Structures are given as structure tokens and as C-alpha cells.
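>>> next come a sequence and a model predicted from it.
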Amino acid sequence: MDCQQVREQLSDYLDGHIVEKDRSSVSGHLADCDGCRDRHSQMRQIVLSLRALPKTTLPAGRQLAMRIMASKEAERRRFAGLSGFLRRCKQSYSLWSNNLAKPVMAPAMGGLATAVFLFSMVMFNFRDIVVAQANDVPTALYTNASVKSTPLAYEFDEVVLDILVDEQGRVIDYSFPDGYGSLKTSALRRRMEHSLLFTQFTPATAFGQPTPGWVRVSFRRSEIDVKG
């Protein structure tokens, strides 16, 4: 090992950061070379002098400032270049979305959980109220009135009427549809009204309940035709 190689390794040699093989080579060279030995002695004296100096502690504010500077420099190196810029944008969006979602999601989830709990409690209390009947028959939303029975004693060639039937199946009003004319005499009209009094109707229904409704009926001699 020559002088140049020894001088390059003197610092590690003094600090003890050198492998055993190189340490033996440096020690052998220092024993034979006066110049390198003097340089070694000078460096050793400097190291001992530095170690003898009193230790100083930085102020708390200075330590924090230096840590901030180091953190900013590390951040700048991390996000340097185009790939760093893209990572910064992704990180900023993720932070923004998380900060926005947390205040919204917490009340939303709480409200949903409360709604589900209250709904389950209501359904639990009502579970025995509605009981299906064995003879229950579904009904249509609305059914028209119809003729139940008639005396079949009409004396008219043909008369068409719109008849209003109440909830009990009784006639409460009638009219002649447009285009069908009317009875020619008041006597025929009275006979018509008298016959309607003895005609029984089935009332219209809405959701299964009787309700007033109109029905168009065509009267002929000895027959009746319900138009609906």
C-alpha cells in the first residue's frame, strides 16, 4: 500500500471504520514511512482536540427551523420532475376528497342507521295487524253500476238513458245522451220514470266500496241492454 492510499484511509483508520486487512496494511506502512506517520499524528491531534471541545446545544427554535428546512428539501426532492408533480396532484386530490367526505359521510351514515332502526321497530309493531283472510277476494279499483232486475214491461221501441245510481242501487237522476233524442210525450216520460223506480241496480264500486256511478242503459220492448 503506497502513501496516497494510506492518506486516503487515515480518517477511517482514526475513526475505526476500516476492515482488519486494510488496518494491518496501514499500520505497517505507518511504521516504515515517517511522512505518513507525521500526518497521522497531526490528524490524531486534531481529532482529540475536537473531541475535547465542550458540546453546545442549539436553541429549540433553531432546531425546529432546521428540521423544517430539512423536511422541505426532502419534499422538494421527492416531488421533483414530472412524475413528482403527478404524485403531488394525486396526493392533494386524495387529501381533499378525504377531508370533504368525512364531514358528509358521518351524518349520512348516522341518519341511514337511524332510519333503518326506526323502520324495523315500526314494522315489528305492525306485523300482526294486517291478517290475510282465507276468503279474501281481490277487487278491481272501480266497477260500473249494472242492472240487477227489471219488470220488463216497457212500451218503447228503444230508449237510451244515462242513469245515475246511488250507493244503495237506487236511481237518483237520469238524462238522454246526445244523439239519442228523448221521449215524445210527458206520459211516456212518466211511464219511464215509474219503470225505473221498480228496476233494481247493483251500485258501482271504488276499491271494493259502493259509490254513486253512471250507467248507460238501452230499453227496448221486452228487453234491456246495459251499455256500461
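That came in fine, so what should we check first?
>>> CA atoms for contacts and neighbours, from now on please.
OK.
>>> could you chop this protein up by domain?
3-52, 59-127, 142-226 (automatic domain parsing).
>>> next up, phi/psi of the residue nearest to the spatial centre of the chain, please.
Residue closest to the average C-alpha location in the chain (Cα atoms, centre = their mean): Ala108, at 9.1 Å. The phi and psi values for Ala108, taken as degrees, to the nearest 10, are phi -60, psi -50.
>>> what helix or strand does Ala31 sit in?
In this assignment (DSSP states H and E), Ala31 forms part of helix 20-32.
>>> what is that helix packed up against?
helix 3-8, helix 34-52 (3 or more Cα pairs under 8 Å, 6 or more residues apart in numbering; DSSP states H and E).
>>> return the set of buried residues in that helix.
23, 26, 29-30 (16 or more other Cα atoms under 10 Å).
>>> between it and helix 34-52, how many degrees?
110 degrees (axes from the mean of the first three to the mean of the last three Cα atoms, to 10 degrees).
>>> low-confidence ranges, the protein, go.
58, 100-106, 123-140, 151-157, 180-185, 220-228 (pLDDT under 70).
>>> tell me which of the buried residues of helix 20-32 is nearest to Pro54?
Pro54 has its nearest neighbour among those in Arg23, at 30.4 Å by Cα to Cα.
>>> leaving aside the residues adjacent along the chain, what's closest to the closest one?
Tyr13 (6.8 Å; Cα to Cα, 6 or more residues apart in numbering).
>>> that neighbour: which element?
helix 10-15.
>>> just the buried residues of that helix, please?
Buried-residue list, helix 10-15, by 16+ other Cα under 10 Å: 10-11, 13.
>>> dump the residues you listed to JSON lines, plus distance to Ser94.
Shown next, in JSON lines, are these (distance: Cα to Cα, whole Å):
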{"residue": "Leu10", "distance to Ser94": "52"}
{"residue": "Ser11", "distance to Ser94": "48"}
{"residue": "Tyr13", "distance to Ser94": "51"}
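>>> from these, pick the one nearest Ser92.
Ser11 (46.0 Å).
>>> show me the strands in the protein, by range?
142-143, 146-149, 158-165, 171-175, 200-202, 204-206, 209-211, 213-220, 223-226 (DSSP state E).
>>> next, the angle from the third one to strand 171-175.
Read that as strand 158-165. Going by the same axes, to 10 degrees, strand 158-165 makes 140 degrees with strand 171-175.
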